[in-house]
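**Student:** The following comprises the amino acid sequence and a computationally predicted model.
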Amino acid sequence: MGAVPHQVAPSEQQNTGKGKSGRGLLAAGIVAAMLLSGGLGGWVGASVAGGSGGVGSGGLGAPISVDQPEGQAPDGTFQAVADKVLPSVVSIDVRAQQGRGEGSGVILTQDGLIITNNHVVGMAAAGGQIQVRFDDGTTAPATIVGTDPTTDIAVIKAESSTPRTPIALGTSANLDEGQAVAAVGSPLGLSGTITTGIVSALNRPVRAGGEQSDQSTVIDAIQTDAAVNPGNSGGALVNMNGELVGINSAIASLGSGSSGSIGLGFAIPVDQARRIADQLIKQGYATRAVIGVSVTDSPDGNGALVHSVEPGSPAERAGIKDGAVITKVGDRLIEGGDSLVAAIRSLAPGDTISVTYAAQESEQPSTVDVVLGEAR
């Protein structure tokens, strides 16, 4: 795939925001789930071993059953999800001076607004070409409406006169571990692919990116075991009602050139993606919440160590000083620097949160309310 895996920070938090504690570390590389030219091709060969399959063998020569019913999937089945979602997911082909890449996107409006990942289309920002392939097989050129590398969200507009099928928007606020989900996109260039699984974890801080996308960003991810492969980036993670709950963005890799699914995929929660996309559509840029500190992992592996506090920032106004160790944001435990970054990025500017921290000179924790600032 040509990607340079980024190690997940050694202090990750798995927490639904309901007071659950973290459950261990993820020691795999995280790479953007984007398919690059020169890597995995968009065609998969297959071979059949043994057997002639002739008439009378019970193979392909056997009589066709005309009594087989047409598919009429009950609501709440993966078949019904596929029927509902596939028309709303597209394949994206990007060609630019830096190379060529493929990914996926999700239709937001009938007139062709599509949400995807910044790392899928970002290389086309300086004169590249974007082409979208719809579920009906038709193609159309597309242009960039806006990109936000910090959150890895982008919106493009397909030049199509045919009304398209927008996806039904759900919410990521009420997801829970073990909930059934499906990933829809174009893994390995195979458009219209649906894979199934569950929500494996929530609020997973994931540092993803690489040289191929010229970015590295921390996302507050939904973790899923639905198979996510190169080419799935920008595609849909949906619930059993066929509603969008996340944008598939990254996969875990064991390194050594391995970039296929190992049952650990990561999606940007739709509540965050929707807010960013709405800003990109309305104003061409996005803002994000900031607390105004630079942090690293605490030496004891429990919290985010504040190295510096920006003058006039929300943190300074709340009394947080250099050397403080932030251990909680609301009910969410903070185990390291990336965990704090992910927690803040999951919120919106102007939100009021409670922050629990221990000052350097005291082990007694304090809790203060912080009104988050805004940055571009």
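**Tutor:** Noted; the coordinates are in hand.

**Student:** Okay, and the beta partners of Ile107?
**Tutor:** In this entry, Ile107 is beta-bridged to Ile114, by DSSP bridges.

**Student:** Hmm, it is touching Leu86, no?
**Tutor:** No. Ile107 is not in contact with Leu86 according to CB atoms under 8 Å; the separation is 10.9 Å. Every C-beta, even on glycine, is put in place using the N, C-alpha and C of the backbone.

**Student:** what about these two, which has more around it?
**Tutor:** More crowded of Ile107 and Leu86, by other CB atoms under 10 Å: Ile107, with 23 against 18.

**Student:** Now do the contacts for the more buried one.
**Tutor:** Taking CB atoms under 8 Å, 6 or more residues apart in numbering, we find Ile107 in contact with Ser88, Val89, Val90, Leu113, Ile114, Arg164, Thr165, Pro166, Ile167.

**Student:** Including neighbour count and distance to Ile198, could those go into CSV?
**Tutor:** Shown next, in CSV, are the contacts of Ile107 (neighbours: other CB atoms under 10 Å; distance: CB to CB, whole Å):
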residue, neighbour count, distance to Ile198
Ser88, 23, 22
Val89, 28, 20
Val90, 30, 25
Leu113, 21, 30
Ile114, 29, 27
Arg164, 23, 29
Thr165, 16, 26
Pro166, 18, 26
Ile167, 22, 20
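
**Student:** And those residues, which is closest to Val238?
**Tutor:** Of all the contacts of Ile107, Ile167 has the smallest distance to Val238: 7.7 Å, by CB to CB.

**Student:** Give me the secondary structure label for Asp83.
**Tutor:** When classified by DSSP: H, G, I helix; E, B strand; the rest coil, Asp83 comes out as helix.

**Student:** leaving aside the residues next to it on the chain, what's closest to it?
**Tutor:** Residue nearest to Asp83 in three dimensions, not counting chain neighbours: Ala73, with 6.2 Å by CB to CB, 6 or more residues apart in numbering.

**Student:** OK, contacts around the one you found?
**Tutor:** Gln79, Ala80, Asp83.

**Student:** do Ile167 as well
**Tutor:** Contacts for Ile167 (CB under 8 Å, 6+ apart) come out as Val85, Ser88, Val89, Val106, Ile107, Leu108, Ala236, Val238, Gly242, Glu243, Leu244.

**Student:** Select from those residues the one having the most neighbours.
**Tutor:** Ala236 (30 neighbours).

**Student:** doesn't Gly185 make contact with that residue?
**Tutor:** Yes. With contact defined as CB under 8 Å, Ala236 reaches Gly185; the gap is 6.8 Å.

**Student:** Which neighbours do those two have in common?
**Tutor:** Residues touching both Ala236 and Gly185 (CB under 8 Å, 6+ apart): Val89, Ser104, Asn248.

**Student:** Name the residues linked to the last one by a beta bridge.
**Tutor:** Looking back up the chat, that one is Asn248. In this structure, Asn248 bridges to Ala267 when assessed by DSSP bridges.

**Student:** ok so, going back, looking at the shared contacts of Ala236 and Gly185, which one is closest to Asp300?
**Tutor:** Relative to Asp300, the closest of these is Asn248; by CB to CB it sits at 34.4 Å.

**Student:** ok, the closest one - how many residues close by?
**Tutor:** Residues lying near Asn248 (other CB under 10 Å) number 32.

**Student:** and if you look at Arg95?
**Tutor:** Neighbourhood size, Arg95 [other CB under 10 Å]: 15.

**Student:** Quick check: the residue nearest the centre of the chain vs Ile291, distance?
**Tutor:** Central residue of the chain (CA atoms, centre = their mean): Ala267, 2.6 Å from the mean position. For Ala267, the distance to Ile291 (CB to CB, to the nearest Å) stands at 24 Å.

**Student:** Would you mind finding the longest strand in this structure?
**Tutor:** Taking DSSP state E as the criterion, the chain has its longest strand at strand 193-210.

**Student:** Can you list the buried residues in that one?
**Tutor:** For strand 193-210, a neighbour-count test (16 or more other CB atoms under 10 Å) marks 193-197, 199-210 as buried.
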